[in-house]
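Q: following is a predicted model, sequence given first.
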Amino acid sequence: MEFMGLDTSSFAIHAVIINDKEEITEMYKWECDRKAEYTDRFPELINNFKIGLEDIDIKYAALEDAAPVMLGRSNNYTKLSRVVGAVWAFLIDSDIDTSFVPHGTWKKATVGKGNAKKEDIMKYATEKWGDKFPEQDYADAACLALWNKRRF
């Protein structure tokens, strides 16, 4: 069985898939034109994700519940909420059981600290899986996948 973790933003969606042995089997990134206005890049990003998802055969996914992180930044929260909602809709359409997890929960369960910083997450991910993360968002997605796997 394989498990996916997804890290989302209004510019890109990163996904990492791990197997039962907690080995990374796939890493994906779907993106859009970062220079475009949000209303133009959102459809491009979501369509790229939809197309890419067609080639992924998994049963379980985990998405970060970013609401606690984004409080006070309502414009960013609105954009991220739309991305997360669209991603969730396509996961549902693909019959992928999806769990939402607060950022402090997956950080505590994987890195060991609910308030882990980006550096802590990258250090943990690199120690566990090696130097294979060209961007922080892949390390976050890998830890989300790990949380997803360990919850069973």
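A: Received it, and whenever you're ready, just let me know what you need.
Q: contacts and neighbour counts: CA atoms only from here.
A: OK.
Q: which stretches in the chain count as strands?
A: With DSSP state E as the criterion, the chain has strands at 2-8, 12-19, 24-31, 60-65, 97-102.
Q: for residue 51, find the nearest of those.
A: Of all the strands of the chain, it is strand 24-31 that lies closest to residue 51, at 9.6 Å by CA to CA.
Q: direction included, what does that closest one pair up with?
A: Taking DSSP bridges as the criterion, strand 24-31 forms sheet pairs with strand 12-19 (antiparallel).
Q: and the helix ranked longest in the chain, what other elements does it pack with?
A: Secondary structure of the chain per DSSP state H: the longest helix is helix 74-93. For helix 74-93, the packing partners by 3 or more CA pairs under 8 Å, 6 or more residues apart in numbering; DSSP states H and E come out as strand 2-8, helix 38-53, helix 67-70, strand 97-102.
Q: tell me which of the ones you listed lies nearest to residue 27.
A: Going by CA to CA, the one of the helices and strands packed on helix 74-93 nearest residue 27 is strand 2-8, 9.4 Å.
Q: what angle sits between the closest one and helix 74-93?
A: Orientation check (axes from the mean of the first three to the mean of the last three CA atoms, to 10 degrees): strand 2-8 against helix 74-93 gives 150 degrees.
Q: contact partners of strand 2-8?
A: Identification of contacts with strand 2-8 by CA atoms under 8 Å, 6 or more residues apart in numbering yields 13-20, 58-64, 80, 83-84, 137-138, 140-146, 148-149.
Q: which of the residues you listed count as buried?
A: Among these, those classed as buried by 16 or more other CA atoms under 10 Å are 13-19, 58, 60-64, 80, 83-84, 137-138, 140-146, 148-149.
Q: what's the distance between the closest residue to residue 86 other than its chain neighbours and residue 11?
A: Spatially, and ignoring its direct neighbours in sequence, residue 86 is nearest to residue 46 (6.9 Å; CA to CA, 6 or more residues apart in numbering). Using CA to CA, to the nearest Å, residue 46 is found at 10 Å from residue 11.
Q: quick one, which of those two is more surrounded?
A: Higher neighbour count among residue 46 and residue 11: residue 46, with 23 against 20, using other CA atoms under 10 Å.
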